[in-house]
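**Student:** what shape does this take:
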Amino acid sequence: MNYDGKIYRPWPEANSLLIQTTLGCTHNKCTFCDMFREKRFRIKKIEEIYNDIDEARQICRQVESIFLIDGNVLALKTEFLLDILGNITSSFPECSKIALYAGLNDLRRKSVEELKELRQAGLSLVYTGLESGDRMTLKRIKKGLTPEQAEEGMAKAKAAGIDILVSIIFGIGGKERSREHIVKTTKLLNIMKPEQIAPMVLAIQPGTELEKQVEKSEFIQATPLQILEEEKYLLENLADFDTMYWGDHGNNIVSSKGRLPASRELFLGKIDHAIANHPVTKQEVLLTSPW
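**Tutor:** Model (predicted):
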C-alpha cells in the first residue's frame, strides 16, 4: 500500500482497511490541528488508487470495513468518488461499510441527488468535525464553518440517507467560553441529530497556532473540572434521539461508549463520580497526549 505522509484515521476505524484518495485537507487552517500541516492538498491519481485497491485485495482475504483518507475526501468531484466506490464494491463484495472524512461544508456543497448517488454506490458513513456549536468559538479556531452551514450540511446528509458521525471537542472554547461552547454545541446537536457523536478532550498539538496562543496566554485552557462539567451538561441536555456515543477517546477523563439515550444515566453516574472523586479536578490543566 502506498501511503503518503502521516496517516490518520478515527479511533472507531481501528480495524478498517485504509485507502488513501487525497493528501491533506482543503481547509487546513484550524488553529488546533496539525494533522496535515506538512501536506499541500492533492488528489491521488485514479490509477494509484486502483493499484492500492488491487494490492489490498491480494493481501486481505476478508475486508468488512474500508475508510478513505486523508482529510475531506468528500471535496472530490462526485464522478471521481463514484468511480472509486465502484472499484471498491466490485473488488470487496463482502465489505459492509465504506466511510470517509468530510467537512460539513463539503456535504453542504453537494446536492442531495449527488449524495444519494454516493450512498447508493456504497458510502455509508461520513466522519465530520463540528468541534463547537458556538459561533465565536468556531471563528476563533478558524474552522471556516458557521452553525447554519453545519445544520445545512447535516440536513442534506439525512435527506440522502448517509449516516454522520459528528466530533466535538470538550474544552475548545477555553476557560472563558466553556459554558457558551457546550450550551450552543448541545443546542446545535439537538437540531442536527447525528447518528453518531464522538466527543474528545482538547489536546494542544505541538507547533499549532493554538499552542502559540497558549504560550502567550491568549488562550487559557479549560480546567479538568470544566471539561467534566461540559460533558455532564451535554449528556443531561441532549434530546432523546437515538445516537451512538463514542466517548472513549484516549484523552477523555471518563471513558463512555454506548447508545443514547439508553445509556444516559450510566454515563452521567460516571461523570458525577469523577467530579466528586477524581484527583484531576484539583488541577488547572489536563495533561493530554497529542493525537
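**Student:** burial check on residue 151, number of neighbours?
**Tutor:** Using other Cβ atoms under 10 Å, residue 151 is surrounded by 15 other residues. (Each C-beta comes from the backbone N, C-alpha and C, glycine too.)
**Student:** can you check residue 106 too?
**Tutor:** 21.
**Student:** one more: residue 28?
**Tutor:** Count around residue 28 with other Cβ under 10 Å applied: 18.
**Student:** contacts only, for it.
**Tutor:** 36-37, 39, 41, 71 (Cβ atoms under 8 Å, 6 or more residues apart in numbering).
**Student:** run the last query once more with 6 Å
**Tutor:** residue 36 (Cβ atoms under 6 Å, 6 or more residues apart in numbering).
**Student:** ok, the one 3 residues further on next?
**Tutor:** Residue 31 is in contact with 141-142, 209-210, counting by Cβ under 6 Å, 6+ apart.
**Student:** ok, these vs residue 193, which is closest?
**Tutor:** residue 141 (23.6 Å; Cβ to Cβ).
**Student:** nearest residue to that closest one in space, please, no chain neighbours.
**Tutor:** residue 31 (4.9 Å; Cβ to Cβ, 6 or more residues apart in numbering).
**Student:** likewise for residue 55?
**Tutor:** residue 1 (6.2 Å).
**Student:** that neighbour reaches residue 51, doesn't it?
**Tutor:** No. If you go by Cβ atoms under 6 Å, residue 1 and residue 51 don't touch, sitting 9.4 Å apart.
**Student:** ranges for the strands of the protein?
**Tutor:** 17-20, 22-23, 42-43, 65-69, 97-101, 123-131, 163-170, 196-201, 243-247, 256-260 (DSSP state E).
**Student:** mean confidence for the fifth one?
**Tutor:** Regarding strand 97-101, the rounded mean pLDDT is 97.
**Student:** hmm, who's touching that strand?
**Tutor:** 65-68, 71-73, 122-125, 127.
**Student:** so what are the sheet partners of that strand and their directions?
**Tutor:** strand 65-69 (parallel), strand 123-131 (parallel) (DSSP bridges).
**Student:** need the ones you listed in CSV (columns: mean pLDDT and mean neighbour count).
**Tutor:** Shown next, in CSV, are the strands paired with strand 97-101 (pLDDT from 0 to 100; neighbours: other Cβ atoms under 10 Å):
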stretch, mean pLDDT, mean neighbour count
strand 65-69, 97, 22
strand 123-131, 97, 24
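**Student:** adding distance to residue 254, write these out as a markdown table.
**Tutor:** What follows is the strands paired with strand 97-101, written out as a markdown table (distance: least, Cβ to Cβ, whole Å):
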| stretch | distance to residue 254 |
| --- | --- |
| strand 65-69 | 26 |
| strand 123-131 | 20 |
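**Student:** what's the closest of these to residue 272?
**Tutor:** The nearest among these, by Cβ to Cβ, is strand 123-131 at 25.5 Å.
**Student:** just want the angle from the closest one to strand 163-170.
**Tutor:** 20 degrees (axes from the mean of the first three to the mean of the last three Cα atoms, to 10 degrees).
**Student:** quick one, strand 123-131 and strand 196-201 angle?
**Tutor:** Going by the same axes, to 10 degrees, strand 123-131 makes 30 degrees with strand 196-201.
**Student:** what is the burial count for the closest residue to residue 194 other than its chain neighbours?
**Tutor:** In space, residue 194 comes closest to residue 166 once its chain neighbours are excluded; the distance is 4.2 Å by Cβ to Cβ, 6+ apart. Burial measure for residue 166: 26 neighbouring residues, criterion other Cβ under 10 Å.
**Student:** partner residues bridging residue 166?
**Tutor:** Applying DSSP bridges, one finds that residue 166 bridges with residue 128, residue 197.
**Student:** ok, the residue nearest to residue 141 to residue 16 distance?
**Tutor:** Note on residue 31: its distance to residue 16, by Cβ to Cβ, to the nearest Å, is 29 Å.
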